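Asker: Please find the sequence and the predicted model below.
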Amino acid sequence: MLAIFLKEINAFFSSLVGYLVIAVFLILLGLILFVFPESSLLEYHYATLEPLFENAPLVFLLLLPAITMRSFAEETQQGTIEMLRTKPVTLWEIIVGKYLATLTLVLFSLIPTAIYYYTIYQLGSPKGNLDTGAIMGSYVGLFLLASVFGAIGMLASSLTNNQIAAFVLAAFLGFMMLNGFEYFSQLPVFAGKGDDLIQKLGIQYHYRSLSRGVLDSRDLVYFLTLIFLFLSLTKASLERGAYLRSFLVTGILLFVNILANARVGGQALYGYADLTADKRYTLTTGTHKLLNDLDDVLFVKVLLGGEFPAGFKRLQTATTDMLEDFRSESGLVEYDFEDPFAGSVKEINQRIEAYRKDGLQPITLRLPGQAESTTKAVLPYALVYYKGRSIPVNLLEGGPGVTEESLNKAVRFLEYKLSNAISQIQKPEKPAIVFASGHGELEPFETADLERALRQFYNTGRLVLDSVVQVDPGIDVLVVAKPKAPFSEKDKFKIDQYVMQGGKLLWLIDAVRVDLDSLVGRKEYLPQEYALNLEDLLFRYGFRIQPNLVLDLQCTGIELVTGRVGDQPQMQLFEYPYHVVSTPASAHPVVKNLGPINLLYPSSIDTALKTKTGLKSTVLLESTANSRYQLLPLRMDFEFLKYPLDRTKFDKGPQPLAVLMEGEFPSMFENRVSQEMLDNLNRLDIAFRDRSPQNRMIVVADGDLARNGVDVQKRQVIPLGYNRFVRYTFDNKDFLLNAVEYLLDDSGVVEARGKNVDLRLLDTAKAKAEKGKWRLINLALPLAALALFGTGYQWLRRRRFTR
């Protein structure tokens, strides 16, 4: 077999045609990856080799047939095949020797592409910002793909003595194996009737996973099966009269292949290695559970069909990859991409209007490299359908502005958003999020933006505690947002027993009565502590909101009048340490990957009491190390802003501003419940409980965190978290949505929110400035290396045979 292997290698490199084949391969790849703008790595904006692995299969459809076309066709034409078979080697040894030579030549052809890696390494932002693990995994997939094409080429060469015919046949069979099954599955006759199984028989389905840097045992079994299948057919072709045996082998291999990819047998063979640095293709435990709990078909319609520039195409591709992973995990997941802007103008308008009525608003995407007026409308949504219900999912984080940051967040939160939608649509009815009222809490117009966001997955409402005998246990989360009046013992008892029955609480509490309006126009202001009468209740739940004000050097500013020019006031922005900016540093899923949160006049939270109750506390938000606090009583004014802040006084270290409490909460009324309270419970046929089951609550020492502004003139709600002084929208709303989701999360979906998915960026300015240099390097250097190898090989060969 070794002699056959060396003979094939020598024959290839002794011929000018061999070098020409590899040169054409490298030139085509170089043009596709560095010259043609649609696929150029220099225009892709991301430090990745994805365009290489997307386009290389089509180039391999030319390279592999060119390498293998002479394997047996030339031997048959020259009559040397019979002489070869008289040698002391088996037919399998001949086939395997020639096949290994083919794989060696494939490796030889791929080695020069290492220059592509070096190029992107140099152009990364920062330099070296590459996912090497994903690239190595993708190369494994590319090599396996080439291995199958090589086996197909061997079969084609064994069927004819004409090398051109062998080339054409190998290219045709390779193309059909690559894309043919994908096309057949799209025929109407197969819709919903085995189309997914047909796709799994094709190479594209399995290569798509490997090209991302994910090694799935089912894909590996598939490729190895195909290789052995086509090599067996090659042997049968050379053994005239052995076709019956080959059909038997074919049937067995197809059975193994289908078994490896079916849900029943595939799990026994299932193994999975995500080689990406951020493990982006490894589904979280909660997502696994959700998908395995499906008992009916779940269909996802993604409104991202069509062509997009590189940045948005990244989101399109990431969505495809995620849904492929979902479908791989559960055979009940199906998906399709729709271009809502395809068709006649009338059809498009009708379609978009229908989507608008469902709350789906298109955004305008500016096309890079085009005239300023060139734009494209986009609907960045997915629609999840399950058992006659549907839920829209906004895939683009950060609102209508399409920036690198918003795209990064969109890709990062894909699993979370889709999993959360699946979790919600599986519930028979929407959970109830209710805002307590009757104690001066925030009004509905002040929480309008938060409630609008909540209503996508939840029902919202108000509850006046004085008007009910108990807090309905059917309420999933009770929100207490900035109360100003004291709570009666009866109201506290209702809240307490709600918690004892497993009810979840979100406390948004101001300990001190102060806001910006109370300071403006006054020389000084003496803030007072709110008399909420909640201290004893919160004490039993393991925490205390301190009657103080936290100040931090990391803060937003406020604008104050510093003078007048004519009738116009002169405004100046001052750093205002009472408006704290907390940048979450915790790895907890409620806050992980969130941007900065803006808190106004927050207080600190003391959780030392938890040790007495056996509860667990997790700090979600805190001030920076450069912070301090002021105790009451104190005088407040704006005079201190006229002078530089004394930074040496900000030395109290991080102060907890938002805390998660978990565990079995003890009742405040243990051993002290009144007869009247017991009578009320008896009338409702409810037993008094002195301890809750495993439960959660979140407390934030800032009641304004949930309050949105209102533009009175325009009569519209200002987005929650928007700070008019710095003209920036903080992640206040996302924090509160995460908090509610975590309180209700029994399946672990919130875990997916904590995944890190990095969009590794290219230094586009450097790539543009050095475009000519890198084009020359990537086109000329591989060819120069090939020429140098060829010259050296021929010199050594002549030297050897002239001795």
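Answerer: Now that the structure is in, tell me what you want to look at.
Asker: Go ahead and name everything in contact with the longest strand seen in the chain.
Answerer: As assigned by DSSP state E, the longest strand anywhere in the chain is strand 568-582. Contacts to strand 568-582, defined as CB atoms under 8 Å, 6 or more residues apart in numbering, come from residues 549-564, 596-602, 621-624, 627, 638, 641, 645, 650, 657-658, 723, 725-726, 730. Every C-beta, even on glycine, is put in place using the N, C-alpha and C of the backbone.
Asker: Which positions within it qualify as buried?
Answerer: Tyr576, Pro577, Tyr578, His579, Val580, Val581, Ser582 (16 or more other CB atoms under 10 Å).
Asker: and of those residues, the nearest to Gln470?
Answerer: Proximity of those to Gln470 (CB to CB) peaks at Ser582, which lies at 35.6 Å.
Asker: now that closest one: how far from Val468?
Answerer: For Ser582, the distance to Val468 (CB to CB, to the nearest Å) stands at 35 Å.
Asker: on that earlier part again, drop anything exposed from the contacts of strand 568-582.
Answerer: 549-558, 560, 596-602, 621-624, 627, 638, 641, 645, 650, 657-658, 723, 726, 730.
Asker: Can you classify the nearest residue to Val673 once chain neighbours are set aside by secondary structure?
Answerer: Using CB to CB, 6 or more residues apart in numbering and skipping the chain neighbours, the partner closest in space to Val673 is Phe688 (5.8 Å). Here Phe688 is coil, with the state taken from DSSP: H, G, I helix; E, B strand; the rest coil.
Asker: can I assume Phe688 is in contact with Gln675?
Answerer: No. With contact defined as CB atoms under 8 Å, Phe688 does not count as touching Gln675 (11.4 Å).
Asker: Give me the residues contacting the helix or strand following the longest strand of the chain.
Answerer: Remark: after strand 568-582, the chain's next helix or strand is strand 597-600, criterion DSSP states H and E. Contacts of strand 597-600 with the rest of the structure, by CB under 8 Å, 6+ apart, involve 515-516, 556, 578-584, 621, 657, 700-702, 704-705, 721, 723, 730-732, 735.
Asker: more neighbours, Phe688 and Gln675?
Answerer: Phe688 (16 against 7; other CB atoms under 10 Å).
Asker: mind pulling up the phi and psi values for that one?
Answerer: Per-residue torsions, Phe688: phi -70, psi 140 (degrees, to the nearest 10).
Asker: now do the one 4 residues further on
Answerer: In this entry, Ser692 is assigned phi and psi values of phi -90, psi 160 (degrees, to the nearest 10).
Asker: how about it, what does it touch?
Answerer: Counting by CB under 8 Å, 6+ apart, Ser692 touches Val499, Met500, Gln501, Gly502, Glu664, Phe665, Ser667.
Asker: Equivalent analysis for Lys387, please.
Answerer: Asp296, Ile425.
Asker: chain center to the host helix or strand of Asn349: distance?
Answerer: Asn349 belongs to helix 345-357 when elements are defined using DSSP H and E. Relative to its chain's centre, helix 345-357 lies at 29 Å (CA atoms, centre = their mean, to the nearest Å).
Asker: Same question for stretch 582-599.
Answerer: 18 Å.
Asker: That stretch: which residues count as buried?
Answerer: For stretch 582-599, burial by neighbour count (16+ other CB under 10 Å) applies to 582, 584, 586, 588-599.
Asker: Fine by me, thanks again.
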